[in-house]
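> Requesting a structural model of the entry that follows:
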Amino acid sequence: QVQLQESGPGLVKPSQTLSLTCTVSGGSITTSYYYWSWIRQPPGKGLEWMGAIAYDGSTYYSPSLKSHTSISRDTSKNQFSLQLSSVTPEDTAVYYCAAAILRATGTFDYWGQGTQVTVSS
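The predicted model follows:
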């Protein structure tokens, strides 16, 4: 059973870079056809897919966030990470990492528990 756990600071100042890491257990992030995504949910709003990194290292981004989003991975630690630059209070949300087989978006097979990130000075 694949398990995911988000980690990172809960408070980020405006204009800074938000950095989160997802640690994966029960499976390798290089296992064929798995796609590892970041998704967020602002307060009172729906889920927003931000981007994904595939088993082969390919990356995919939401067009609306691509200009200030970066997803990377550390295969030695079985982790993948999100960096969101120049954050504003509108980036306040619960951030989730998730995984799906054979697709980067849509429904997800595995989810982390989520981590609250607040952007505030």
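> For the rest of this, base every contact and every neighbour count on C-alpha atoms.
Noted.
> right, and Ala104 touches Ser37 too?
Yes. Applying C-alpha atoms under 8 Å, one finds Ala104 in contact with Ser37, separated by 6.8 Å.
> what do those two both touch?
Gly51, Ala52, Ile53 (C-alpha atoms under 8 Å, 6 or more residues apart in numbering).
> Show me those that map onto strands.
In this view, the shared contacts of Ala104 and Ser37 that belong to strands under DSSP state E are Gly51, Ala52, Ile53.
> Most neighbours out of those, which is it?
Ala52 (30 neighbours; other C-alpha atoms under 10 Å).
> what about the residue nearest to the spatial centre of the chain, distance to Ser121?
Note on the chain: the residue nearest the mean C-alpha position is Trp38, at 2.4 Å, using C-alpha atoms, centre = their mean. Taking C-alpha to C-alpha, to the nearest Å as the measure, Trp38 falls 24 Å from Ser121.
> again, but for Ala93
16 Å.
> which one of these two has more residues nearby?
Ranked by neighbour count (other C-alpha under 10 Å), Ala93 and Ser121 place Ala93 first, with 22 against 10.
> partner residues bridging that one?
Taking DSSP bridges, one obtains Val117 as the residues bridged to Ala93.
> Report whether the expected contact of it with Ser120 is present.
No. The pair Ala93 / Ser120 is not scored as a contact, 11.8 Å apart, by C-alpha under 8 Å.
> mind listing the strands in this structure by residue range?
Here the chain has its strands, by DSSP E, at 3-7, 11-12, 18-25, 34-41, 48-54, 59-61, 69-74, 79-84, 93-101, 110-111, 115-119.
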